[in-house]
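# Coordinates for the following, if possible.
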Amino acid sequence: MLPDADGLPDLLLDLSVPHEDINELVALSDRVTGDPGTLRLLEACVEELFRDPDDLGRTPGLGELFASAPAELADAFPVYVFLAALPRTLAHHRERGIPAEISRHTLADLGRHIVVHRRWHGRFGVQSRRWLVRHFRGELYQLGRLQFERARMGRRTASVLAAAGLDTVPGSLCLTLHVPDFRGRLTPSACDRSLALAREFFALHFPEERPEAVLCHSWLLDPQLRAYLPEDSNIVRFQERFRAVREEVEPADTEPVQFVFGNPDLPVARLPRRTSVERAVGDHLRSGGHWYIGHGWFPFRTG
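Sure, this is the predicted structure:
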């Protein structure tokens, strides 16, 4: 299920795993392949990852399986699971005719989440392990600046979109848009390019699905940001693409702190004020305000 030690470094580099972590992962791979019990656990994880492949949005029950890995493999074991899953993921991509470049850009998110883990915790590990299963199950794709996830609408969202004239019911197919870090500025032109790529990509590789709308659930859509940022800022221009689905009532203060400053646990009083976004996030919290996840949508199909 895993490549041999000689082939492992190239594969890790293809997944954007940082160079500093490759030697350790290669060395530990013998611990995985040399123990029958660990290999059985690895196989069980891969089977669980791919179970019910047509159930979009299903979160595989990998938590307990990951926790069953030997202690010396605890931080690294998810990497080996994703490596073992990679041939099936790429086979699915080939069946759909997905270009190798898009596969590579999408699955390189594994390396990004290793970087994020070290940034937050100061040691090797994989951040957001449950999130990455979407990439390897073939549900999420990196298309330019943005990520697009194949998904289904809930009851409330389908009702709102139906009232706006779209042909939607609960369970209707849609795309969920995500804005990853470490991908440059969120300029209008970068977003336009990503949307053009997405319209071409899903029409070509998933022609039977025909999603009606793009949804986004993000602190970037909190309308309070407009009080702090200029009208021509990238974030305000990004917000202008969306119509509101609903208004969130539960605060999510750690979300902007996490994505703007790199650590959700930083003390609010000491948040830097170097950029307009940093000043907006920190000053609003220091004044006693809260940030919320915004829920927005816009039509996807062009006719």
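# Double-check that residue 265 belongs to a strand.
No: the assignment for residue 265 (DSSP: H, G, I helix; E, B strand; the rest coil) gives coil, which keeps it out of a strand.
# What count of nearby residues applies to it?
Counted with other C-beta atoms under 10 Å, residues neighbouring residue 265 total 9. (Glycine included, C-beta is placed from N, CA and C.)
# now residue 266
Number of residues near residue 266 (other C-beta under 10 Å) recorded here: 16.
# where's it relative to residue 252, distance?
Distance, residue 266 to residue 252, using C-beta to C-beta, to the nearest Å: 15 Å.
# Read off the pLDDT value for residue 303.
pLDDT, residue 303: 46.
# What are the buried residues along stretch 112-126?
112, 113, 114, 115, 116, 117, 118, 124, 125, 126 (16 or more other C-beta atoms under 10 Å).
# what comes into contact with it?
16-18, 21, 24, 75-76, 78-79, 110, 127-129, 131-132, 180-182, 262-263 (C-beta atoms under 8 Å, 6 or more residues apart in numbering).
# hang on, isn't residue 11 packed against residue 83?
Yes: with contact defined as C-beta atoms under 8 Å, residue 11 reaches residue 83; the gap is 6.5 Å.
# pretty sure residue 134 contacts residue 140?
Yes: counting by C-beta under 8 Å, residue 140 is a contact partner of residue 134 at 4.1 Å.
# Now for those two: what residues contact both?
Joint contacts of residue 134 and residue 140 (C-beta under 8 Å, 6+ apart) are residue 149.
# would you say residue 141 is within a strand?
Yes: with three-state DSSP as the criterion, residue 141 is located in a strand.
# any idea how far residue 259 is from it?
For residue 141, the distance to residue 259 equals 21 Å [C-beta to C-beta].
# Which one's more surrounded, those two?
For residue 141 versus residue 259, the count of surrounding residues by other C-beta under 10 Å is larger for residue 141: 26 against 17.
# Give me the helices and strands touching the helix or strand residue 216 falls within, please.
If you go by DSSP states H and E, residue 216 is part of strand 213-218. Under the contact criterion of 3 or more C-beta pairs under 8 Å, 6 or more residues apart in numbering; DSSP states H and E, strand 213-218 touches strand 173-178, strand 294-299.
# Secondary structure for the buried residues of stretch 112-126 - can I get that in a markdown table?
As requested, these are exported to a markdown table (three-state DSSP):
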| residue | secondary structure |
| --- | --- |
| 112 | helix |
| 113 | helix |
| 114 | helix |
| 115 | helix |
| 116 | helix |
| 117 | helix |
| 118 | helix |
| 124 | coil |
| 125 | coil |
| 126 | coil |
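# which among those residues gets closest to residue 232?
Nearest to residue 232 among the buried residues of stretch 112-126 is residue 112, at 28.7 Å by C-beta to C-beta.
# Tell me where the model's unsure across this structure.
By pLDDT under 70, the weakly predicted segments of the chain are 302-303.
# Can you list the residue ranges for helices in it?
Along the chain, the stretches classed as helices by DSSP state H are 8-14, 19-33, 36-50, 63-67, 77-95, 100-107, 109-121, 129-136, 155-163, 188-205, 234-239, 254-261, 276-286.
# export these to TSV and tack on distance to residue 297?
Shown next, in TSV, are those (distance: least, C-beta to C-beta, whole Å):
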stretch	distance to residue 297
helix 8-14	34
helix 19-33	38
helix 36-50	29
helix 63-67	31
helix 77-95	27
helix 100-107	23
helix 109-121	24
helix 129-136	19
helix 155-163	6
helix 188-205	13
helix 234-239	12
helix 254-261	19
helix 276-286	24
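# Quick one: closest of those helices to residue 247.
With C-beta to C-beta as the criterion, residue 247 lies closest to helix 155-163 of these, at 11.6 Å.
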